[in-house]
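**Student:** Here is the input, now give the coordinates:
(one chain, ligands or ions: 1)
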Amino acid sequence: TNQKILTLVMVRKANAILLGLKKRGFGEGKWNGFGGKVENDETVAEGAIRELEEESGLVAKCLKKVGILEFEFVGNPIVLEVHVFDVLQYEGEPVETEEMQPQWFPEDSVPYEKMWPDDILWYPLYLKGIKFKGYFLYQGHDTILKYTLTQVDHL
Ligand SMILES: CN1CCN(c2cc(NC3CC3)nc(N)n2)CC1
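**Tutor:** The predicted structure follows:
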């Protein structure tokens with residue numbers, strides 16, 4: 001099918017958020033949470049936990065679903081369905097990996113200009129603990145032609 005299920009995990013501690021600078025591949029050069037594809041033999045949450053450890057060295061002890069984001073790109077039939085999670089309890093210290101260079105940012109200093117353009121739209125909901133569903137139509141990787149973003153009670 002032309003749907004790809006992906007994960008995105010943000011780790012938070014006392015009013016700071018852990019982001020990684022993507023060193024290669026999709027989103028290279030952007031700060032983002034951690035994540036990737038979901039394998040056939042794992043749940044979305046298991047995939048999220050696995051990617052977080054692979055990309056940051058952190059082991060999530062509790063994972064909260066906070067949102068679902070759908071992305072479409074003009075001229076490309078593949079729809080990305082990104083399941084977004086928040087981690088407040090984890091083990092380990094973040095380490096640089098092949099994929100990501102981790103850094104803590106104060107929640108009021110998120111480097112939106114060096115992130116995907118959709119982030120500045122949904123992070124305010126995420127940081128307020130509001131669960132959300134969003135759909136974004138991109139033209140290329142820099143322009144959002146249209147989007148919808150709604151608060152939801154349950155994911
Ligand atoms: C495994 N990944 C891939 C996609 N991803 C995205 C995508 C995204 N926008 C989409 C236009 C690309 N925006 C954020 N913040 N993350 C999360 C991690």
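
**Student:** Okay, and the closest residue to the ligand within the chain sits in which element?
**Tutor:** Nearest residue of the chain to the ligand (CB to the nearest ligand atom) works out as Trp116 at 3.4 Å. The way it works is simple: take the backbone N, C-alpha and C, and place the C-beta from them, glycine included. Trp116 belongs to no helix or strand when elements are defined using DSSP states H and E.

**Student:** Once you drop chain neighbours, what's closest to it?
**Tutor:** Nearest residue to Trp116, sequence neighbours excluded (CB to CB, 6 or more residues apart in numbering): Lys30, at 6.0 Å.

**Student:** tell me how far stretch 118-129 is from the chain's mean position?
**Tutor:** The chain centre lies 11 Å from the centre of stretch 118-129; the measure is CA atoms, centre = their mean, to the nearest Å.

**Student:** repeat for stretch 102-117
**Tutor:** Taking CA atoms, centre = their mean, one finds the center of stretch 102-117 at 12 Å from the center of the full chain.

**Student:** Can you give me the end-to-end span of that stretch?
**Tutor:** 20 Å (CA to CA, to the nearest Å).
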